[in-house]
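> Got a predicted structure plus its sequence, pasted below:
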Amino acid sequence: MKRLLPALLFLGLLALGQSPGAKLYSANCQSCHLANGQGVPRAFPPLTHLDQVVQAKGGREYLIRTVLYGLQGPLTVQGTAYNGVMPPFRQLKDQEVADLLNHVLATFAKSKAKPISAEEVKAQRARALSPQEVLKSRPPVK
Ligand code: HEC
């Protein structure tokens with residue numbers, strides 16, 4: 001028992017530690033989209049509907065592009081209109097963008113989609129899109 005206790009404590013602490021994706025989300029996205037991804041109506045869209053986006057044709061590419069290049073222009077998410085500016089996060093590494101999106105998809109959107117890979121992020125980085133062009137590539141998901 002004496003030896004088991006520190007081991008159990010250690011395991012408990014490990015479980016409390018956040019995943020890399022969760023940490024990246026707190027540091028980069030939470031200020032606008034909030035801790036639970038609910039967003040702020042008419043200012044910052046929620047991220048809870050993203051399972052529909054990731055499953056749609058071109059949806060995986062679109063999500064990666066929003067993080068790499070930002071997003072700007074009018075869009076409607078779940079019946080609420082937005083016309084804001086999301087900044088680009090080009091400074092994040094390919095693996096970080098993948099971890100971040102996979103955290104958002106699994107946690108907020110309860111998505112079972114195949115996880116986004118660093119290779120998929122790399123392929124989108126080779127383009128130089130404006131935030132308006134990213135919006136044009138959004139799949140037609142309400
Ligand atoms: C400064 C505020 C801000 C930050 C920080 C921010 N976003 Fe956004 N995000 C927005 C705004 C505003 C929009 C809507 C843009 C528009 O109206 O065209 C948006 C839109 C999105 C969309 C598109 C949703 C859809 O249905 O098309 C995704 C995905 C997204 N953000 C993910 C993220 C992630 C992931 C991060 C962290 C890397 C992040 N955002 C950080 C403000 C922000």
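Nice, thanks for sending it over. Numbering: from 1, shown residues only.
> Give me every residue in this protein lying close to the ligand.
28-29, 31-33, 44-45, 47, 53, 63, 66-67, 71-73, 75, 77, 82-87, 89, 100, 104, 135, 138 (CB under 6 Å from any ligand atom). All C-beta spots, glycine's among them, are computed from the backbone N, C-alpha and C.
> show me where pLDDT drops low in this structure?
Along the chain, the parts satisfying pLDDT under 70 run over 1-2, 8-16.
> Apply 50 and report the result again.
Within the chain, no stretch has pLDDT under 50.
> got the residue ranges for the helices in it?
In chain order, the chain shows helices spanning 4-16, 20-28, 30-33, 50-55, 59-69, 94-103, 118-125, 131-136, with DSSP state H as the criterion.
> quick one: contacts for G59?
Q52, V53, P139, V141 (CB atoms under 8 Å, 6 or more residues apart in numbering).
> If we use 6 Å, what do you get?
Contact partners of G59, counting by CB atoms under 6 Å, 6 or more residues apart in numbering, are V53, P139.
> How about the residue nearest the centre of the chain, nearest residue that isn't a chain neighbour?
Note on the chain: the residue nearest the mean C-alpha position is L101, at 3.4 Å, using CA atoms, centre = their mean. Leaving out its chain neighbours, the residue that sits closest to L101 by CB to CB, 6 or more residues apart in numbering is I116, at 5.0 Å.
> Does the one you found touch H103 like I think?
No. No contact is recorded between I116 and H103 when judged using CB atoms under 6 Å, the distance being 10.5 Å.
> Distance check, the residue lying closest to Q95 once chain neighbours are set aside against R42.
Of all residues beyond its chain neighbours, the one nearest Q95 is A118 (4.5 Å), with distances taken as CB to CB, 6+ apart. Counting by CB to CB, to the nearest Å, the gap from A118 to R42 is 34 Å.
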